[in-house]
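Participant: Any chance you can model this:
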Amino acid sequence: QVQLQESGPGLVKPSQTLSLTCSISGGSITTNYYGWSWIRQPPGKGLEWMGVIAYDGTPYYSPSLKSRTSIPRDTSKNQFSLQLNSVTPEETAVYYCAGARSIWSAVYDYWGQGTQVTVSS
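Facilitator: Here you go, the predicted structure:
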């Protein structure tokens, strides 16, 4: 059974870079056609898709975040990460990593438990 686990700092200062890592167990980040996404949910708001890294290592980003976002992966560790530059307090949210059997699927097969990130000085 595939399991995802987010890790990273719970507090980030404004204008700094938010960095999170998602560790995959029970499956491979390179499995054909899978996409591995980052999704966030600010308090009182809906889910926002941030970007995905495909099984072949190709990243795709939300147009609204593209200039500030990077989703690298480490196949040797079976991990992928989120780097979001120049964060603002409005980006305080629960950040989730998720996996789907198709890169552009709207239905995610696997979710991490989520990690709270607060942007504050």
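Participant: so which helix or strand takes in the residue most central in space within the chain?
Facilitator: Relative to the mean C-alpha position of the chain, the nearest C-alpha, by C-alpha atoms, centre = their mean, is the one of Trp38, at 2.4 Å. Assigning secondary structure by DSSP states H and E places Trp38 in strand 35-41.
Participant: helix or strand right after that strand?
Facilitator: Note on strand 35-41: by DSSP H and E, the next helix or strand toward the C-terminus is strand 48-54.
Participant: got the angle for that following strand vs strand 35-41?
Facilitator: Interaxial angle, strand 48-54 versus strand 35-41 (axes from the mean of the first three to the mean of the last three C-alpha atoms, to 10 degrees): 160 degrees.
Participant: Residues contacting strand 48-54, please?
Facilitator: If you take C-beta atoms under 8 Å, 6 or more residues apart in numbering as the criterion, strand 48-54 is touched by 34-42, 59-62, 65-66, 69, 71-73, 80, 82, 84, 93, 103. In short, each C-beta sits where N, CA and C put it, glycine included.
Participant: send the alpha carbons of that strand over as CSV?
Facilitator: In CSV, the C-alpha atoms belonging to strand 48-54 read as follows (Å, rounded to 0.1, in the frame of the first residue of the first chain):
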residue,chain,number,x,y,z
GLU,A,48,-5.5,24.6,-4.2
TRP,A,49,-3.4,22.5,-6.6
MET,A,50,0.1,23.9,-6.7
GLY,A,51,1.9,21.6,-9.1
VAL,A,52,2.9,18.0,-10.1
ILE,A,53,5.9,16.1,-11.0
ALA,A,54,5.3,13.3,-13.5
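Participant: Now the element after it, going C-ward?
Facilitator: Going down the chain from strand 48-54, the next helix or strand is strand 59-61, by DSSP H and E.
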